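*Asks:* heads up, no residue letters with this:
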């Protein structure tokens, strides 16, 4: 079963907003066994929208649209839909009462703009929006359906999960489609590809392999498609089992698992706590932990020791060490981790110190040089990384490496 | 002048990767006065790629492609380009020597896969990739040009900035196109729209207005298009001047300005330093500061005081206050800010304490309740916010509000 995704809005074309809706919709459709044909972003111009509506409804039985449904004058999706389906806007009292309920307590009074949100194309089935003011509209097309959803990600996601997807799955028979992703750390793409080329050649026809490199990490995605879900699952499991002897030591996770989530799970199982002392990662390592619900059970807190005075004054790092070895050194990063354990009373700590750039590098310690330490109450290990240029990239890679290596050390019982 | 952007890769369609390349390319084209017609994402299937190449080259004089040029077997863009342009792959010794230079020191030896990267379609002009191994390919089309670039964002950006854009600007005459964006804080979209509706009606024909809402913020984008850049600039400046009497108090920035960048600039001008004490924002507020190059001049560091023991033990918050008022309270958040100033010796501090959810809320303090404090050495101010549900959203809104209000307080001399 094929689907087309359309996102509408000038902001997407001039790049003011990154289209994250399409990726999310693609993921959900894919899990439901529906393949995405194309993703198209168009501007808020009626003729452009009409052209895309024509092409996509001719091509795909399922067309999902997000965006262009706000109360303001630049949003014209509803007018375009009326024109395309040769229908007109009518007042829908149920939608109006939903808008009233939603806005109660949020605005002083309902205004004319909110009232226009209750105008919907006569020929569509309206699906109620329980978390916003723009209704969801379900139209029949000669090949199948077209569904128009709000562009605000939280509203679109709520509509998709609770109403649109369940209705699509009911309406369309789907083939089994499985994706498994293997996360690999610390290897260049071409070396990895060479290392597993025989394995790749031996994959059965129903499985496709893709390499998804990102800074410091590669995701290997296995996609299997066929009529029997159970057979596909077995084929994929077998392929992964055969991969372990080749690269088991650099695999750090699967699918949507986040290493920080896995690390938190490990720590919970040990009833242990953790803290961080961050210099170059600047709070991002803490953010990885605290973005996971329930992190507070194991994560006590951090010191973002950006200036040397905070390294010394708050973490208790000996100023002599900083003078002698520099802040970016094994000695200082190890003292930072031990300081974090001491002042927070945690069982483990991760610390970082490096040169995120763009300035501050030297021949001996170029931009991208990062020291990371991992400590328990009675042991401290550390390692130097060269993460290259790009401030944001160095920050992300530092935080990722801090978490991934900590997870590996705990799994292997080395800390 | 019109352009089409194509991104290639199954990972985009199944939503494993968010297409950030298109937004970036759109932004750069837009700045250069080139409008983007559509953005299309297609899979790594030759027939799909061929169909999109046909449609876009018929429609637009400029077609920019990214993705599908890696050394691994799933990348087939080059084969599709050969088929489309009716040409064949030939070995390019200059590209090969670039690949060799690039990989030197990164891999043990050049392998067969790297060698295939030096195979390029005979009919294209090759543009060298100075930061990666996949060459950039520039083809002539009946209407104009088609350029194929690597999908790795850093490589694509380097190629666009240094080679592709300058060549496009030289090859195509462009109309003047101006975008100005006004950032507004803390107002619902429909209220804002009503408040500025007369102003909106009075805008000249050459200016289009768009509302771009995101959690807690709205961006108002003015786009002006015409033959005379200077006239457009004057019209836009005039429109913004007229907006100030209406909503000047809630405007907090323009265009790509980040409030954290502005705040750092303000602090530098005062030779002042800042620190944070974060509970519910969990490191993200510090990350906003430290993601800006040169932040270390004003940002001393933070304490991420997630557990109450760190609030008391490291920041010196009186445990009696926490017991009496709870961690999410005016009293505790103000004591946290004062503690951050005391232990880091900074001039200013921002502190946060709230319930990010999904659990931990109560009737009195529902999920999304956040206290933020802003302190100088002799004054502390605080305010309660209700940021609603969604852990990530509460974290982002907390950090944003911390920065935006601090900037406003300093600008008004209230702190």
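*Replies:* Sure, I can see it. Bear in mind that the values here come from a model prediction, so they are computed numbers and not experimental data. Numbers count the residues shown, from 1 in each chain, chains lettered A, B, ... in the order given.

*Asks:* what sits up against the helix or strand containing residue A:64?
*Replies:* Assigned by DSSP states H and E, residue A:64 falls within strand A:62-66. Identification of contacts with strand A:62-66 by Cβ atoms under 8 Å, 6 or more residues apart in numbering or on different chains yields A:1-8, A:21-22, A:25, A:29, A:34, A:53, A:56-57, A:77, A:141, A:144-151, A:156, A:164, A:168, A:172. For every residue, glycine as well, the C-beta is placed using N, CA and C.

*Asks:* contacts for the following helix or strand past that strand next, please.
*Replies:* Counting by DSSP H and E, the next helix or strand C-terminal to strand A:62-66 is helix A:77-85. Helix A:77-85 has contacts (Cβ under 8 Å, 6+ apart) with A:8, A:44, A:46, A:49-50, A:53-54, A:65, A:67-69, A:88-89, A:119-121, A:123-124, A:137, A:139, A:148.

*Asks:* which strands and helices lie in contact with the lowest-mean-pLDDT helix or strand in chain A?
*Replies:* When each helix and strand of chain A is scored by mean pLDDT, DSSP states H and E, helix A:112-116 comes last, with a mean of 76. Packing partners of helix A:112-116 (3 or more Cβ pairs under 8 Å, 6 or more residues apart in numbering or on different chains; DSSP states H and E): helix A:93-103, helix B:189-195.

*Asks:* what average pLDDT does stretch A:270-290 get?
*Replies:* Summarised as a single mean, pLDDT over stretch A:270-290 is 98.

*Asks:* tell me how far it lies from the chain's centre.
*Replies:* Put simply, stretch A:270-290 sits 19 Å off its chain's centre (Cα atoms, centre = their mean, to the nearest Å).

*Asks:* now it: buried residues?
*Replies:* A:273-290 (16 or more other Cβ atoms under 10 Å in any protein chain shown).

*Asks:* same question for stretch A:379-391.
*Replies:* Here stretch A:379-391 shows A:380, A:381, A:382, A:385, A:387, A:388, A:390, A:391 as buried, counting by 16+ other Cβ under 10 Å.

*Asks:* contacting chain B as well, which ones from these?
*Replies:* A:390, A:391 (Cβ under 8 Å from any Cβ of the partner chain).

*Asks:* can you name the two of the buried residues of stretch A:379-391 that are farthest apart?
*Replies:* A:380 and A:390 (28.8 Å; Cβ to Cβ).

*Asks:* list the contacts of stretch A:162-173.
*Replies:* A:1, A:28-29, A:32, A:34, A:61-62, A:64, A:127, A:130, A:136, A:138, A:144-145, A:147, A:149.

*Asks:* and if you look at stretch A:234-253?
*Replies:* Residues contacting stretch A:234-253 (Cβ under 8 Å, 6+ apart): A:178, A:180, A:182-187, A:192, A:195-196, A:199, A:202-204, A:206-207, A:220, A:222, A:224, A:259, A:262, A:404, A:407-408.

*Asks:* thinking again about what came up before, using JSON lines, lay out the buried residues of stretch A:379-391 together with distance to residue B:350 and pLDDT.
*Replies:* Shown next, in JSON lines, are the buried residues of stretch A:379-391 (distance: Cβ to Cβ, whole Å; pLDDT from 0 to 100):
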{"residue": "A:380", "distance to residue B:350": "32", "pLDDT": "98"}
{"residue": "A:381", "distance to residue B:350": "34", "pLDDT": "98"}
{"residue": "A:382", "distance to residue B:350": "31", "pLDDT": "98"}
{"residue": "A:385", "distance to residue B:350": "31", "pLDDT": "93"}
{"residue": "A:387", "distance to residue B:350": "29", "pLDDT": "88"}
{"residue": "A:388", "distance to residue B:350": "32", "pLDDT": "84"}
{"residue": "A:390", "distance to residue B:350": "27", "pLDDT": "83"}
{"residue": "A:391", "distance to residue B:350": "22", "pLDDT": "92"}
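
*Asks:* before we move on, the earlier item: paired strands for the strand holding residue A:64, with orientation please.
*Replies:* Strand A:62-66 pairs in its sheet with strand A:2-8 (parallel), strand A:145-149 (parallel), by DSSP bridges.

*Asks:* compute the inter-axis angle for it and helix A:77-85.
*Replies:* Angle of strand A:62-66 versus helix A:77-85, following axes from the mean of the first three to the mean of the last three Cα atoms, to 10 degrees, is 150 degrees.

*Asks:* so for strand A:62-66, what's the average pLDDT?
*Replies:* 97.

*Asks:* buried ones in the host helix or strand of residue A:233, by neighbour count?
*Replies:* Secondary structure from DSSP H and E places residue A:233 in helix A:229-247. Going by neighbour count (16+ other Cβ under 10 Å), the buried part of helix A:229-247 is A:232, A:235, A:236, A:239, A:243, A:247.

*Asks:* the first one - nearest residue in space that isn't next to it in sequence?
*Replies:* If you skip the residues right next to it in sequence, residue A:232 has residue A:224 as its closest partner in space, 4.1 Å away by Cβ to Cβ, 6 or more residues apart in numbering or on different chains.

*Asks:* name the SS class of the one you found, please.
*Replies:* Following DSSP: H, G, I helix; E, B strand; the rest coil, the label given to residue A:224 is strand.

*Asks:* list the contacts of it.
*Replies:* A:177, A:178, A:179, A:206, A:207, A:208, A:232, A:233, A:235, A:236.

*Asks:* chain B contacts on the stretch 151-300 of chain A?
*Replies:* A:152, A:154, A:179, A:181, A:188-191, A:193-194, A:200, A:208-213, A:219, A:221, A:223, A:275-276, A:278, A:282-287, A:289-291, A:293-296, A:299-300.

*Asks:* go again using 7 Å as the cut-off
*Replies:* Counting by Cβ under 7 Å from any Cβ of the partner chain, the stretch 151-300 of chain A comes close to chain B at A:152, A:154, A:179, A:181, A:188-191, A:193-194, A:200, A:209-213, A:221, A:282-284, A:286-287, A:290-291, A:293, A:296, A:299-300.
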